[in-house]
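Asker: My questions are about this predicted structure, shown below with the sequence.
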Protein chains: 2
Amino acid sequence: MKEIEKILSFIIEIEKLKDVHRKTKPVGLERYENSAEHSWHVCLSALMLKDFANEPVNIDRVIKMLLIHDIGEIDVGDTIIYASETEELKSEEAAGVKRILSILPNGMGEEFMELWYEFESGETPDSRFAKAIDRVPPLLHNIHGGGHSWKTHGVTKDQVFSVNQRIEKGSEELWTVIRSKLEDAVNEGILN
Amino acid sequence: MKEIEKILSFIIEIEKLKDVHRKTKPVGLERYENSAEHSWHVCLSALMLKDFANEPVNIDRVIKMLLIHDIGEIDVGDTIIYASETEELKSEEAAGVKRILSILPNGMGEEFMELWYEFESGETPDSRFAKAIDRVPPLLHNIHGGGHSWKTHGVTKDQVFSVNQRIEKGSEELWTVIRSKLEDAVNEGILN
């Protein structure tokens, strides 16, 4: 029973992700999103968009990646993508993921640590697609929410187009649709 | 591109699950949990506990079930399990699931409707395990949170043991551990 006890400790520990606040508000809500509900949202988004991946993907692996992709934020918090992709922050986040996975018994966490590194690398079909999907909800939040997060954080249209172009690496068709929505946002004056 | 547009509409619609409040508070938080973050939590819990299922399960199907298991609550809200398993409520929830899945293109939703019914039936190895896992976090919330939800809703120990014994159908080992924790809760006076 010791193993189950350790897994229950892990289940309680990851609950802290429900208290990590992100930088956008879900469509229709007046509060900021947390990283746990975001993780659910991107899993279901990936599942429904899987047929639009550029390359064949293993959607079950993609979903597992997305289930764990943010758990390191329990230790380091969420930072806005337009400023956060530094070596130092990624290294701190990796240490957080490792700490949390080490609560699991029998080296169970190793498989997920590798999956996390694969996600971060964005260098495989599964991780390219997962990283593309991870960008979609925050863009929809801004597009349908008056560009609230872009405005609050002084994010420019050049930054938005340049950072989110990575969606194309996972799904060209998805990027075509999202890019068009971003162009509309520019025309409507909510992205400058 | 029409198909992607429909899927993006679905992605925005399901976001409402982030505003459906449940009856327990996550460990360490002073607010009630929402059904979106709960859905993420049970997916990751199932993934880590899969080796303790009584029967072989297809964990990828279990995770898909758990990703969608609560989306009907967008239309009917969350109700406490000790009062909610009526035919009428389940029928309303099914209609909600159907409405939301119908936003998807090309009959894509049918597969997930079937998966939802399978989950609700609890009559297959995958759904027995998924339903067992679905019970774990709210029990941990009460056990580690002074029995707050049991007290608020006047739930007795007889109800708790009787309703949650279904965990045994999915995992006898898990139920043994959880039952022992519930017995501790009785001894500590937080479950009466």
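Answerer: Nice, thanks for sending it over.

Asker: For chain A, which element, helix or strand, carries the lowest mean pLDDT?
Answerer: None of the helices or strands of chain A scores lower by mean pLDDT, DSSP states H and E than helix A:81-84, at a mean of 72.

Asker: next SSE after that helix?
Answerer: Sequence order places helix A:87-101 as the next helix or strand after helix A:81-84, per DSSP states H and E.

Asker: neighbouring contacts of that following helix?
Answerer: Contacts with helix A:87-101, where a contact means CB atoms under 8 Å, 6 or more residues apart in numbering or on different chains, come from A:10, A:13-14, A:68, A:71-76, A:79, A:108-110, A:112-113, A:116-117, A:120. All C-beta spots, glycine's among them, are computed from the backbone N, C-alpha and C.

Asker: What are the buried residues along it?
Answerer: Under the neighbour-count criterion of 16 or more other CB atoms under 10 Å in any protein chain shown, helix A:87-101 has A:93, A:94, A:96, A:97, A:100, A:101 buried.

Asker: Give me the mean pLDDT for the helix or strand following that helix.
Answerer: Heading C-terminal from helix A:87-101, the first helix or strand you meet, by DSSP H and E, is helix A:109-121. Mean per-residue pLDDT for helix A:109-121: 97.

Asker: Mind checking if stretch A:183-192 is in reach of chain B?
Answerer: No. Stretch A:183-192 is not in contact with chain B by CB under 8 Å from any CB of the partner chain; minimum separation 12.7 Å.

Asker: thinking in terms of the whole chain, how far from its middle is that stretch?
Answerer: Centroid separation for stretch A:183-192 versus its chain: 24 Å, with CA atoms, centre = their mean, to the nearest Å.

Asker: end-to-end on that stretch?
Answerer: In stretch A:183-192, first residue to last residue: 10 Å (CA to CA, to the nearest Å).

Asker: one step back: buried ones among the contacts of helix A:87-101?
Answerer: When those are checked for burial by 16+ other CB under 10 Å, the buried set is A:10, A:13-14, A:68, A:71-76, A:108-109, A:112-113, A:116, A:120.

Asker: For chain A, just list every one of the helices.
Answerer: Taking DSSP state H as the test, the helices found in chain A are A:2-14, A:35-49, A:59-68, A:73-76, A:81-84, A:87-101, A:109-121, A:125-143, A:148-152, A:157-164, A:167-170, A:172-187.

Asker: name the helices or strands packed onto the fourth one?
Answerer: If I follow you right, that is helix A:73-76. On a contact count with 3 or more CB pairs under 8 Å, 6 or more residues apart in numbering or on different chains; DSSP states H and E, helix A:73-76 meets helix A:87-101.

Asker: now swap in the longest one and tell me
Answerer: Contacts defined by 3+ CB pairs under 8 Å, 6+ apart place helix A:125-143 against helix A:35-49, helix A:59-68, helix A:109-121, helix A:148-152, helix A:157-164, helix A:167-170, helix A:172-187, helix B:2-14.

Asker: go on, the third one?
Answerer: With contacts defined as 3+ CB pairs under 8 Å, 6+ apart, helix A:59-68 has these neighbours: helix A:35-49, helix A:109-121, helix A:125-143, helix B:35-49, helix B:59-68.

Asker: before we move on, what about the last one?
Answerer: The helices and strands touching helix A:172-187, judged by 3+ CB pairs under 8 Å, 6+ apart, are helix A:125-143, helix A:157-164, helix A:167-170, helix B:2-14.

Asker: Which of the ones you listed sits closest to residue B:165?
Answerer: With CB to CB as the criterion, residue B:165 lies closest to helix B:2-14 of the helices and strands packed on helix A:172-187, at 31.4 Å.

Asker: Mind giving me the packing neighbours of that closest one?
Answerer: Looks like helix B:2-14 contacts helix A:35-49, helix A:125-143, helix A:172-187, helix B:87-101 (3+ CB pairs under 8 Å, 6+ apart).

Asker: Can you give me the buried ones in the first one?
Answerer: For helix A:35-49, the buried set under the neighbour-count rule, 16+ other CB under 10 Å, comprises A:35-49.
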